[in-house]
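Q: Below are the sequence and a predicted model; questions follow.
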Amino acid sequence: MRATEYLIPTLREIPAEAEVVSHRLLMKAGFIRKAASGIYTLLPLGHRVLLKITRIIREEMDCQGGQEILLPIIQPAELWLESGRWEVYGPELFRLKDRHGRDFCLGPTHEEIITELVRGDVRSYKQLPQLLYQIQNKYRDERRPRFGLLRGREFVMKDLYSFDRDEDGLETSYQKMIVAYNRVFSRCGVEFRLVEADSGPIGGNVSHEFMVLAGSGEALILYCPNGDCGYAANVEKAESRVVEPENKDESRALELVKTPDKRTVEDVTAFLGVGPERIVKTLLYETERGLYAALIRGDRELNEVKLQNLIGAVHLEMAGPETVERVTGAPVGFTGPVGLEGVDLVVDEEVAFMVNCITGANRADAHYQYVNPGRDFPIERVADVRLVREGDPCPHCNRPLVAARGIEVGQVFKLGTKYSEAMGLTYLDEQGQERLVVMGCYGIGVTRTMAAAVEQNHDEQGIIWPAALAPFTVVVVPVNVRDEIQAALAETAYATLREGGLDVLLDDRAERPGVKFKDADLVGYPLRVTVGKTAGDGLVELRVRRTGETRLVSVGELVESVRAFL
RNA sequence: CGGGAUGUGGCGCAGCUUGGUCAGCGCGCUUGCCUUGGGAGCAAGAGGCCGGGAGUUCAAAUCUCCCCAUCCCGACCA
């Protein structure tokens, strides 16, 4: 392509709304424009990057036996009512009505519609397994779209769905996808990590996420620094080993202590002169399945995702002050498990080991001390409901876990029979027995991957595209297009590179060289061919964007030199 | 959903407190001259329902009310 015939609207100033690096640079370098909050247009450069990514994805999906299909984006409400997600998805689901008043939604993900498809056309074990995928726009009315392409309301996603006869088949499909994803992200040139994940509203019980490591990432991950161990998990899922105290104190008799207006862990520890690890926090939660009290050590935070999964609740919310008073008979700040009735107690593993701890007394301005689990309150339901933090011992090898931020670019789920059961997706096995199809789903955020690549690959001057994703691999810049020798040699270089099968842009604009160099650095072409002073000798300068390294080469050896870099 | 802020040519902003030659600046854009190895210079231009609506007033970008949009922070740890 020629720059004079191509839309590359770079900006000198950045729109004020852009905050994160990828958003700023993609706007400034002319890859994207905003249409509405969380909704973007991809300009020619952005679209080329998208095509590069989707091509890699297609190759790897097809390599594993994936078959590409196109699914409707507008989906009838009935399917979502059938799976139960019309309610569960809540306000994040874009809903609309047709002229007859019938309900539809814009697909945020496609389990329903594909389950519907397969149940209509797959009847026999002979037709399984199937791996079907689509690369399409998806819609989620995020409560807060932000960070440009990283969290939009409309985005491009690849989703593959696997349909197997049994769990073994699912395991095979799952492993195939993990292999494929590792290849996809490696080829995209991003630094990533595979972590254990919570499956969230999609459902299922086993899930992993692919995280691009970046400080701007919204996800917090914890991983074991021991390479042989390799444990890594999203904080929502992360576990840590419970350390049982070695020499426990003798348990003492329960004692009420006055704690006037001491409501928080901080207040109570300061007042009683003890550490927060001596306190047990009692957190009251309301769910559609009733009230729950979660007990967690005073220096810990509760992991609501774990609690929600444990209870099996769809809605989980901390109880308001009125509920707390009604249930405990005391204002907020004095809740404790001793004598607490009408709620189910969930005791964190760490709490179960505690001796002589401090809890609220369920009366105003009072706490109990020397509370002992099992003796003073029941420990029937002991579970891991705490939020793991950096430094906690690895659940596998006991070393202190390390924390890092990541951008979730892919997630794989073993759905099991959640959707096939809800929607009646069955097949007949060899014995003529009707059985449920076992499903998995595997997503890649394509537009998000584009942004994540920029988050990880940029400098003060602009983007530095990994070669596999770059909109053009190389840009040819004649320093002075009015110089006939330079212009002619630039044309030759351009033609040579194109014939060599490379993606090349000729910056034939009559701009001063500084402008073209700045733009080239901003857009982030991995290589630049400068045609200038040495044009008379048939030599051009090849410059590597990432390192700034340059060398003179003849046009004849240009293709070879560029190839060598890739 | 709660809180905060902002909306003035394509982009970045000033003007608003103290209504009245305030519709202005920088960048970008167009044309011409000139220049050509890191966002040059000179000259002449084009371009704005001041987010929308309703009020107050002789007079509103400026004051009042409502609405819309956008961005940021937060979302309860007993």
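A: That came through, no problem. Numbering: from 1, shown residues only, chains lettered A, B, ... in the order given.

Q: and the residue most central in space within chain A, what element?
A: Note on chain A: the residue nearest the mean C-alpha position is A:E408, at 2.1 Å, using Cα atoms, centre = their mean. Following DSSP states H and E, one finds A:E408 within strand A:402-416.

Q: quick one: buried residues of that strand?
A: Residues of strand A:402-416 classed as buried: A:A404, A:G406, A:I407, A:E408, A:V409, A:G410, A:Q411, A:V412, A:F413, A:K414, A:L415, A:G416 (neighbour count, 16 or more other Cβ atoms under 10 Å). In short, each C-beta sits where N, CA and C put it, glycine included.

Q: Against which helices or strands is it packed?
A: The contact analysis (3 or more Cβ pairs under 8 Å, 6 or more residues apart in numbering; DSSP states H and E) places strand A:402-416 against helix A:167-187, strand A:192-196, strand A:206-213, strand A:219-223, strand A:438-445, helix A:446-456.

Q: Of the ones you listed, give the one that comes closest to A:S554.
A: helix A:167-187 (31.1 Å; Cβ to Cβ).

Q: what does the closest one contact?
A: With Cβ atoms under 8 Å, 6 or more residues apart in numbering as the test, helix A:167-187 has contacts from A:56-57, A:60-61, A:63-66, A:128-129, A:131, A:160, A:162, A:164, A:192, A:194, A:206, A:208, A:210, A:212, A:409-410, A:412, A:414, A:416, A:438-440, A:442, A:444, A:449, A:468.

Q: So which residues on the stretch 201-350 of chain A come close to RNA strand B?
A: For the stretch 201-350 of chain A, the residues in contact with RNA strand B (Cβ under 7 Å from any atom of the strand) are A:263-266, A:281-284, A:296, A:298, A:300-302, A:304, A:317-319, A:321, A:324, A:332-335.

Q: Pull out the buried members of those residues.
A: For these, a neighbour count by 16+ other Cβ under 10 Å gives the buried set as A:263, A:265, A:281-284, A:296, A:298, A:300, A:302, A:304, A:319, A:324, A:332-335.

Q: Give me the local confidence score for A:I202.
A: For A:I202, the model assigns a pLDDT of 69.

Q: likewise A:Y419?
A: With respect to pLDDT, A:Y419 scores 91.

Q: contacting residues for it?
A: Here A:Y419 is in contact with A:S83, A:E111, A:E112, A:T115, A:G203, A:L425, A:M439 (Cβ under 8 Å, 6+ apart).

Q: mind running it again at 10 Å?
A: A:82-85, A:111-112, A:114-116, A:118-119, A:161, A:202-204, A:425, A:436-437, A:439, A:441 (Cβ atoms under 10 Å, 6 or more residues apart in numbering).

Q: Is it located within a helix, as I assumed?
A: Yes. Per DSSP: H, G, I helix; E, B strand; the rest coil, A:Y419 lies within a helix segment.

Q: Contact partners for the closest residue in space to it that isn't next to it in sequence?
A: Nearest in space to A:Y419, with sequence neighbours left out and distances taken as Cβ to Cβ, 6 or more residues apart in numbering, is A:T115 at 4.7 Å. Taking Cβ under 10 Å, 6+ apart, we find A:T115 in contact with A:79, A:82-83, A:161, A:163, A:415, A:418-420, A:422-425, A:437, A:439.

Q: let's see 7 Å
A: A:T115 makes contact with A:Y419, A:S420, A:M423, A:L425, according to Cβ atoms under 7 Å, 6 or more residues apart in numbering.

Q: what's the neighbour count on the second one?
A: The one in question is A:S420. By other Cβ atoms under 10 Å, 21 other residues sit near A:S420.

Q: I'd guessed it sits against A:G440; true?
A: No. Under the criterion of Cβ atoms under 7 Å, A:S420 is not in contact with A:G440, lying 11.3 Å apart.

Q: how about the strands of the stretch 401-550 of chain A, start to end?
A: A:402-416, A:426-428, A:434-436, A:438-445, A:458-459, A:462-463, A:474-478, A:504-506, A:527-531, A:539-544, A:550-554 (DSSP state E, counting those that start in this stretch).

Q: tell me the most buried of these?
A: With neighbours taken as mean count of other Cβ atoms under 10 Å, those reach their highest mean count in strand A:474-478, at a mean of 30.
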